[in-house]
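K.L.:
need a structure here:
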Amino acid sequence: TSKAYFNKRPPGQLSLGTAMEFKTVKQQRLYMQVADQIISMVREGVISVGSRLPSERDLAEKLGVSRPTIREAMIAMEISGIVEIRSGSGVYVVRKPGRHDTLPTEFGAGPFEILEARLALEGETAALAADKITKQELQRLKKLLADMARENQQESVHEDADEEFHRVIAEASGNSVLVSAVEWLWALRNESEISQMFHRRLREEGVRPIIEDHQSIYDALVEGSASKARKAMHKHLKRVIKTVIESEAT
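P.N.:
You can find the predicted model right below:
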């Protein structure tokens, strides 16, 4: 077969070498899709400036998404200056976006996405740690429990002890991949603009790391029970998710 055969193409078919501008196809986060849809409605006058948006529950039902996704979308629009979240009152449109006024390409991972990933990962991490954790690592966790309690009493909470507590458990699992994964999820939590704002609002409301939950995880690790450690971690992260859903952060 000649080389020329492979260079042939049906009449009218463009060669990839033809001068054309292709745009990279990107998968947009769900909360960004929701925010873009609401922004379009404001731009087109379907939703007027000064009006209060429907409740979180109503929007979730109308758009066929979860309430956490609606919360993430509201925060993304507030960061862009299109809406204002008024605690205890609702979300109000404060600016009409221009024709080419869209959200930034990426705000980063949403806080609920990160929590769901942690729920899927950290239970098994704790179970592995229960079989391998050392006395030194248990001592570190005990100290971090005390540090966490002290941090909770401070006006400005950074949750450093909370993060370190979960990292030590990952290290105790003896699996470097799990350590990297847990550290990466916390990095996303700390670096994502939308996650930063959301957790800052939670702290302003008085939401703090739950000492009792961390104590239960610690007790299970001391006992060396993989099943109890997994259950305690799942219970903790599910409670965190429930707390943030029921909070007044939006």
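
K.L.:
make it CA atoms for all contacts and neighbour counts henceforth
P.N.:
Will do.

K.L.:
Please point out which parts of stretch 219-226 sit buried.
P.N.:
Of the residues in stretch 219-226, 219-222, 224-226 count as buried by neighbour count, 16 or more other Cα atoms under 10 Å.

K.L.:
For stretch 150-170, measure first residue to last.
P.N.:
One end of stretch 150-170 to the other measures 23 Å (Cα to Cα, to the nearest Å).

K.L.:
where in the protein is pLDDT low?
P.N.:
Low-confidence segments of the chain, defined by pLDDT under 70: 1-28, 100-107, 155-157, 247-250.

K.L.:
Centre-most residue in it?
P.N.:
residue 111 (2.1 Å; Cα atoms, centre = their mean).

K.L.:
what's the spacing between that one and residue 66?
P.N.:
With Cα to Cα as the criterion, residue 111 and residue 66 are 13 Å apart.

K.L.:
tell me the contacts of residue 210?
P.N.:
Under the criterion of Cα atoms under 8 Å, 6 or more residues apart in numbering, the neighbours of residue 210 are residue 236.

K.L.:
Ok, residue 236 next?
P.N.:
Applying Cα under 8 Å, 6+ apart to residue 236 gives the contacts 210, 213-214.

K.L.:
Surely the residue nearest to the centre of the chain and residue 191 touch.
P.N.:
No. Counting by Cα atoms under 8 Å, residue 111 does not reach residue 191; the two are 10.9 Å apart.

K.L.:
What are the boundaries of the strands in the chain?
P.N.:
83-86, 90-93 (DSSP state E).

K.L.:
Spell out which residues make up each domain of this protein.
P.N.:
Domain segmentation of the chain under automatic domain parsing yields 30-93, 111-246.

K.L.:
Now the terminal residues of the longest one, how far apart.
P.N.:
Taking Cα to Cα, the span from the opening residue of domain 111-246 to its closing residue is 14 Å.

K.L.:
Mind checking which of the buried residues of stretch 219-226 are in helices?
P.N.:
Among the buried residues of stretch 219-226, the members found in helices (DSSP state H) are 219-222, 226.

K.L.:
want to throw the residues you listed into TSV with distance to residue 165?
P.N.:
Output for these, formatted as TSV (distance: Cα to Cα, whole Å):
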residue	distance to residue 165
219	13
220	14
221	12
222	14
226	17
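
K.L.:
From those, pick the one nearest residue 123.
P.N.:
residue 226 (9.4 Å; Cα to Cα).

K.L.:
Based on its surroundings, how many neighbours for the nearest residue to the closest one once chain neighbours are set aside?
P.N.:
Nearest residue to residue 226, sequence neighbours excluded (Cα to Cα, 6 or more residues apart in numbering): residue 127, at 4.1 Å. Neighbour count for residue 127, taken as other Cα atoms under 10 Å: 24.
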